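Novice: sequence and predicted structure below; questions after.
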Amino acid sequence: MASDNDFIFDHFGVLKNANARADLGAKFETEGTGSLSEFVAAAKTNPDLSRFFERQPETNANHPALYSLAEQGKLIKERGEAGAAQFLADNGGALGKILPRKKEDAETVKGADNPWHKSYSKPKEAEAHRIRIIKSSTTLAARMARAAGVTLSGAPLRGA
């Protein structure tokens, strides 16, 4: 059965290593005032005692440093080389390596720029956009309507 100390250590993210827990407990006995919970909470923010705690990965999949070497340079200036390398590793990257940008899900974007498609991004302006395209090129308009599965008038295609 786990002790009360183990419960407190688990709650605050103290390393599972028995030596780390024993060392932090000994530090509380020699330096601590108040309860163990208060001591451990204060120790978590103390840079000298950070080695006793599990590091929480910092994730941000959209950070520009993952996709640009120039942004990685800014990150290194901001956090230092080790901090930047750790941040990039937490997010699947590495120093000097850029990740390909993720493409948006095709189902959410499909038809967003076709005024004949039911998922057109500006439905109130769709009719005006269709007219403008028909006036400029009926061939282009017919292709766009066919791609959306409808005729130029908006009726469903036969056999579709």
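Specialist: On my side now, so go ahead. Keep in mind that this is a model prediction, so the values were computed, not measured. Numbering: from 1, shown residues only.
Novice: let me know the pLDDT of Asn5.
Specialist: Per-residue confidence at Asn5 stands at 68 (pLDDT).
Novice: Ser137 now?
Specialist: Among the per-residue scores, Ser137 shows a pLDDT of 91.
Novice: give me the neighbour count for it.
Specialist: Neighbourhood size, Ser137 [other CB atoms under 10 Å]: 11. Every C-beta, even on glycine, is put in place using the N, C-alpha and C of the backbone.
Novice: residues in contact with it?
Specialist: Ser137 makes no contacts at all, as judged by CB atoms under 8 Å, 6 or more residues apart in numbering.
Novice: that one and Gly159: what is the separation?
Specialist: Plainly put, Ser137 is 25 Å away from Gly159 if you go by CB to CB, to the nearest Å.
Novice: with Pro115 instead?
Specialist: For Pro115, the distance to Gly159 equals 23 Å [CB to CB].
Novice: more crowded one of the two?
Specialist: Here Pro115 and Gly159 are compared on neighbour count by other CB under 10 Å; more neighbours surround Pro115, at 23 against 4.
Novice: pLDDT at the more buried one, what is it?
Specialist: The score at Pro115 is 88. That number is its pLDDT.
Novice: find the nearest non-adjacent residue to the residue positioned nearest the centre of the chain, please.
Specialist: Averaging the C-alpha coordinates of the chain gives a centre point, and the residue nearest to it by CA atoms, centre = their mean is Ala61 (3.4 Å). Spatial nearest neighbour of Ala61, chain neighbours left out: Asn91 (6.1 Å); criterion: CB to CB, 6 or more residues apart in numbering.
Novice: what's near enough to touch that neighbour?
Specialist: Applying CB under 8 Å, 6+ apart to Asn91 gives the contacts 59-61, 63, 66.
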